[in-house]
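S.K.: This is a predicted model, with the sequence first.
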Amino acid sequence: VTGIGLIVVLALASWVLRAGFVVLVPASRMPAQARTALDHLPPSVLAALVAVDLTGSVGTSTGPGESAVVLGVGALLALAAWRTPQRRAGLPAGAARGGRHRPRAMVSESYEQRAELSQAPPSKRQRRAQT
Amino acid sequence: MADRTGFRRYWLHFGVLLLSIWTASVAVGVLLAPVLPSLPHIGLIGLALFVSMLMPRLTGRPAVASAATAAVVGPLTTLLVPSLGIIAGACAGVAAGTVTARRIS
């Protein structure tokens, strides 16, 4: 029970961090340099994860043969991912939303575009003032 | 306005969906792990996931520079401070991507 509770707490903390930056923090108010830099964060994190995982697997392998197999598998995975059409990756997310709001801001748009979209909608008072 | 409201609603719903699936998957893994046989290739599932997420993002020189830098700095830092490898790699990758993007522009 403690293990499951810990998993749920970690998941909630992760979700609050993730959703909080989209829903609560107005990303459009962040400095432009920070927004531009955030565009480079996903490939950096993923590459660091892959490299640390690969070197860890190679380090714990029993011999050079097993290390070569691990590295070969990594290269094959990269080749397969490179050759797979990218649109397939977005299908599950699009299906989850029923196509009503297409996941237009998931991968293909820059952080600046996402920041513009994530701005809070105008309040009733602001809308009245506009009209 | 509809776009912005839809965007925020989309991310809220997507976050809850991700939270549910992620937590359920981890719980299933915790419960099933003792039952599964010790197969060496199971350890490569995580690697396959991250590689499949990484490759579509390598669409330009800044992204490639970010990834290459992170892939070098991450393991090197892990040798010194194991708990900081990924964070250090990510920071170095962001810096390299920013510098490369500036040079291009």
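M.R.: The structure has been received and is ready for your questions.
S.K.: Show me what the lengthiest helix in chain B is packed up against.
M.R.: For chain B, the helix that runs over the most residues, judged by DSSP state H, is helix B:2-32. Packing contacts for helix B:2-32, counted by 3 or more Cβ pairs under 8 Å, 6 or more residues apart in numbering or on different chains; DSSP states H and E, involve helix A:2-19, helix A:87-96, helix A:111-117. From N, CA and C alone the C-beta is placed, and that goes for glycine too.
S.K.: okay, the angle between that helix and helix A:2-19?
M.R.: 160 degrees (axes from the mean of the first three to the mean of the last three Cα atoms, to 10 degrees).
S.K.: Any idea how many residues pack against B:Gly6?
M.R.: Neighbourhood size, B:Gly6 [other Cβ atoms under 10 Å in any protein chain shown]: 18.
S.K.: where does chain B have low pLDDT?
M.R.: Low-confidence segments of chain B, defined by pLDDT under 70, are located at B:1-2, B:40.
S.K.: let me redo that: chain A
M.R.: Across chain A, the stretches falling below the confidence threshold (pLDDT under 70) are A:1, A:26-27, A:61-62, A:85-126, A:130-131.
S.K.: hmm, try it at 90
M.R.: A:1-39, A:53-131 (pLDDT under 90).
S.K.: ok so, going back, next secondary structure element downstream of the longest helix of chain B?
M.R.: Scanning forward in sequence from helix B:2-32, with DSSP states H and E defining helices and strands, the next element found is helix B:44-54.
S.K.: in that next one, what's buried?
M.R.: Neighbour-count burial for helix B:44-54, with 16 or more other Cβ atoms under 10 Å in any protein chain shown as criterion, is recorded at B:Leu44, B:Leu47, B:Ala48, B:Phe50, B:Val51, B:Ser52, B:Met53, B:Leu54.
S.K.: Of those, which are in range of chain A?
M.R.: Applying Cβ under 8 Å from any Cβ of the partner chain to the buried residues of helix B:44-54, one finds that B:Leu44, B:Leu47, B:Ala48, B:Phe50, B:Val51, B:Ser52, B:Met53, B:Leu54 fall near chain A.
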